[in-house]
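Predicted coordinates and the sequence they were generated for:
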Amino acid sequence: MTAASSEIEDRIRERLFSFPKQHFLASGDLNRPEAEALLELGDAFVALNRQKDKTLPLLAGRTLVNLFFENSTRTQASFELAAKRLGADVVNMSPQTSSIAKGETLIDTAAALNAMQPDLLVVRHASSGAAALLAQKVDGSVVNAGDGQHEHPTQAVLDALSMKRAFGRVEGLTVAICGDVLHSRVARSNVALLQLLGARVRLVAPNTLMPSEAHLWGCEVFDDLKAGIEGCDVVMMLRLQLERMQGGFVPSQREYFRFYGLDREKLAYAKPGARVMHPGPMNRGVEIDSDVADDPQISLIQTQVEMGVAARMAVLAALTARLGNAR
Amino acid sequence: MTSQPTAFINVRIVDPASGYDGPGGVVVRGGVIAEVRKGALGDLSDDLKVIDGGGHVLIPGLVDLRVKTGEPGSETKETLKSASRAAAAGGVTSIVVQPDTDPAVDEPAVVDFILRRARDIELVHVYPAGAATKGCRGEQMAEIGLMHDAGAVYITDADSPIVDSKTFRRVLTYASGFDMVVAHRPVDPWLAKGSSATAGEFAGRFGIPSVPVVAERIMLERDLALAELSKARLLVDQITCADALESLERGKAKGIRAFASCSINHLTFNELDIGAWRTFAKLDPPLRKEADRQALIDALASGLVDIVVSAHAPAPAEDKRLPFNLAAPGSVGLETLLPGLLTLHHEGRIPLIDLIATVTVKPAELIGLKAGRIAKGAPADLVLVDLNAPRLIDADKLLSKSKNSAFDGRRLQGRALKTMVDGRVVFG
């Protein structure tokens, strides 16, 4: 090993901590020191991931199962890479290959998987609360990789890590989360974590895509994009599912882009030097203009993908550290 | 089981029908109440089996107008027998089973089937409600008159609102010809589609698809207007929110023949009882905000809401152990209706005798049963109740086949000690 890499490894081991809970289901479950510790650890993993040798066997001998009831190539790949770089064995399961399509309940699936003694279960499901349900029935640690419209906590960690690296801090930043807030687990996880870290959060959406009583979340609520992003440090755009256009929640794609799509003209209302984020995959020309998304001076979107692997390594390492030498 | 001449002595009789709440005794012969003695007991004839009530309360057996079983069609959920045993243990002596079974209770043969099954089980009185429309599909009127003659006690499509106003108007009008009550769930199905909770801060934060409470008021306003037009008797099936109570109050003040039920669940719980995805607290209609629950209690106290039902809805584990929005709604309730209701007595919200009226004489009168009162000549359907017995509800110990109780883990006070139906002791 080179000197540099041993330095990196030392820093990771120094920052490694034992996650206080068995599962990571919601960013709302974290307290501030835990959140800060995850970001510090994630930051250390970024350096590891930029080396030629990206491995550090903190999860050696451990088994991680990716259980994705909803397709998501990139989140699944991100978790898989994170786990493999930490030396875990990874099994990917998706609805096509699992028996859930044959009428088996989530609980039965969980019980069957549990008998195989995985240490970590990464779950994505289209229903809110699915990860928490699964967590009740397994001995290993469950990581929520997105449950319906509820939470996607590792996304919030990677977003905060991206902001922290871009601005040097999260505290005091003004972040506008814009678009389909109603259906967005990314928004809910980010609201919880960003507020915990001391950021000011705004929500911007057409009224049909704003949760009722969102003003009680401790956020400022806007139905006008320009007003909502005025003076913001970060503009976080959300993905609008195509089936929610075409008259369901908004009349058409072009109308949505006209009022809520982010282009340079609207971005000019944000603070000079403001950065743009998007959890991906993007609908170019619907919620975001390519001109903005692809400008490296403005966009943090590629950074987010990179931070995704590091943040997930931090989460997996901390959850595993909790296990110690058990099992 | 035979009915033995029996005397309850040393009891506090609480009989809402006569307004009597005081010490006394009751003599039962031939399945009916032969004598009600208020105050001092006097002599008893020798042939009587004497039940010493130990100073506990004797009330009429409960009449529960909204019970689902799985029979016929889904016997793994609940059978008429398992529901009857649960009812007996809960002090419920008359249950009205909902018609949305498989096959639906939409013709006299199915009414007859249920009555025959109940007669064979010989525990509590089981009365079928007849479907308003064939298959409860809201389209073609069911054989209301024939079902009436076969023994159906009221008309409803249970959980399914009849969306087509013309169809519902005709059901109301036609049923009124047989003087049958028509019960209807007030919900706008389009607003409610896909929802599992009440719209608001809680559902919003947890990302649970939700329905605004106006969905209830919208349909209720229509139902009231059609009831006014047809001069029929409408039972508003499970009113839950302040918004709809306002509509009901206006309707009743106008002289519309509307009655309203509420479930013990909505009197007891609010949306926060869902907590971290407790599917046992997933109900239809969904649990509301605390302000709505309070308004509902006030409305029950004032008499605006007439009756309380268990809304007994068994769902087996495989239907409940699912992610929240995929789980079946409903809670079993036959064994927790009485202790749940007594909470309002213990909290000093509603006087005991008024509270008991909402589950005895009021529902009985609404559908024309002679039960629900402690009076000479009435069926000897009686429950001896320990008002204060503390209990911790353990869903697994309930007698229903399905254990989905929203009351699981809840501490309540009150227990049926002995339940009598037609002079037969069926529990205790």
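In hand now; what should we look at? The structure presented is a predicted model; accordingly, all values stated were derived computationally and were not measured. Numbers count the residues shown, from 1 in each chain, chains lettered A, B, ... in the order given.

Could you give the backbone dihedrals for residue 197?
With no chain named, the answer covers chain A. The phi/psi pair for residue A:197 (degrees, to the nearest 10) reads phi -90, psi 0.

should've been chain B
phi -150, psi 170.

Report the contact partners of it.
B:203, B:206, B:208-211, B:271, B:274, B:282, B:286-287 (CB atoms under 8 Å, 6 or more residues apart in numbering or on different chains). C-betas here are computed from N, CA, C, even on glycine.

Show me which of those residues are buried.
Among the contacts of residue B:197, the ones that count as buried by 16 or more other CB atoms under 10 Å in any protein chain shown are B:203, B:206, B:208-211, B:271, B:274, B:282, B:286-287.

JSON lines for those residues, including distance to residue B:116 and pLDDT?
Formatted as JSON lines, these follow (distance: CB to CB, whole Å; pLDDT from 0 to 100):
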{"residue": "B:203", "distance to residue B:116": "44", "pLDDT": "96"}
{"residue": "B:206", "distance to residue B:116": "46", "pLDDT": "94"}
{"residue": "B:208", "distance to residue B:116": "43", "pLDDT": "95"}
{"residue": "B:209", "distance to residue B:116": "42", "pLDDT": "94"}
{"residue": "B:210", "distance to residue B:116": "43", "pLDDT": "96"}
{"residue": "B:211", "distance to residue B:116": "39", "pLDDT": "97"}
{"residue": "B:271", "distance to residue B:116": "42", "pLDDT": "97"}
{"residue": "B:274", "distance to residue B:116": "40", "pLDDT": "96"}
{"residue": "B:282", "distance to residue B:116": "34", "pLDDT": "97"}
{"residue": "B:286", "distance to residue B:116": "36", "pLDDT": "98"}
{"residue": "B:287", "distance to residue B:116": "37", "pLDDT": "98"}
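
For residue B:148, give its distance to residue B:180.
Distance from residue B:148 to residue B:180, counting by CB to CB, to the nearest Å: 6 Å.

actually residue B:20, sorry about that
31 Å.

between these two, who's got more neighbours?
A direct count of neighbours by other CB atoms under 10 Å in any protein chain shown for residue B:20 and residue B:180 places residue B:180 higher, at 27 against 17.

which SSE is that one in?
Counting by DSSP states H and E, no helix or strand carries residue B:180.

Got phi/psi on it?
When read as degrees, to the nearest 10, the backbone of residue B:180 gives phi -100, psi 140.

Could you tell me which residues make contact with residue B:292?
Residue B:292 makes contact with B:213, B:240-243, B:266, B:270, according to CB under 8 Å, 6+ apart.

ok, which pair from the residues you listed is furthest apart?
B:243 and B:270 (15.1 Å; CB to CB).

Could you list the contact residues of the stretch 101-250 of chain A toward chain B?
Residues of the stretch 101-250 of chain A lying close to chain B (CB under 8 Å from any CB of the partner chain) are A:105-107, A:125, A:127-130, A:132-133, A:147-151, A:183, A:185, A:188, A:211-214, A:216-217.

of those, buried ones?
Counted by 16+ other CB under 10 Å, these give A:105-107, A:125, A:127-130, A:132-133, A:147-151, A:183, A:185, A:188, A:211-212, A:214, A:217 as buried.

can you pull the contacts of the residue of the stretch 1-150 of chain B found nearest chain A?
Nearest residue of the stretch 1-150 of chain B to chain A, counting by CB to the nearest CB: residue B:76, 14.6 Å away. Neighbour list for residue B:76: B:70, B:316, B:401 [criterion: CB under 8 Å, 6+ apart].

Export the residues you listed to TSV and append columns for pLDDT.
Formatted as TSV, the contacts of residue B:76 follow (pLDDT from 0 to 100):
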residue	pLDDT
B:70	96
B:316	94
B:401	96
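
Reformat those residues as a markdown table; add neighbour count, secondary structure and distance to residue B:235.
Formatted as a markdown table, these follow (neighbours: other CB atoms under 10 Å in any protein chain shown; DSSP: H, G, I helix; E, B strand; the rest coil; distance: CB to CB, whole Å):
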| residue | neighbour count | secondary structure | distance to residue B:235 |
| --- | --- | --- | --- |
| B:70 | 21 | coil | 23 |
| B:316 | 17 | coil | 28 |
| B:401 | 20 | coil | 27 |
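
Spell out the secondary structure type for residue A:6.
Under DSSP: H, G, I helix; E, B strand; the rest coil, residue A:6 falls in the helix class.

List the buried residues in stretch A:194-205.
Quick answer for stretch A:194-205 (16+ other CB under 10 Å): A:194-197, A:199-205.

same check, this time on stretch B:227-242
In stretch B:227-242, counting by 16+ other CB under 10 Å, buried: B:227-228, B:230, B:232-242.

any idea which of these is the one closest to chain A?
Using CB to the nearest CB, residue B:241 is the member of the buried residues of stretch B:227-242 that sits closest to chain A, with 14.6 Å.

Residue A:218 - nearest residue in space that isn't next to it in sequence?
residue A:195 (5.8 Å; CB to CB, 6 or more residues apart in numbering or on different chains).

do you know how far the one you found is from residue A:171?
Distance from residue A:195 to residue A:171, by CB to CB: 11 Å.

contacting residues around residue B:133?
Contacts of residue B:133 (CB under 8 Å, 6+ apart): B:106, B:139-142, B:157, B:162, B:167, B:171.

where does the residue lying closest to residue A:5 once chain neighbours are set aside sit relative to residue A:45, distance-wise?
Spatial nearest neighbour of residue A:5, excluding adjacent residues (CB to CB, 6+ apart): residue A:51 at 5.7 Å. Going from residue A:51 to residue A:45 by CB to CB gives 11 Å.

who's more crowded, these two?
Between residue A:51 and residue A:45, residue A:45 has the larger neighbour count (other CB under 10 Å), namely 28 against 14.

There's contact between that one and residue A:12 in this structure, I believe.
Yes - counting by CB atoms under 8 Å, residue A:45 touches residue A:12, with 6.5 Å between them.

where do the contact lists of these two overlap?
residue A:317.
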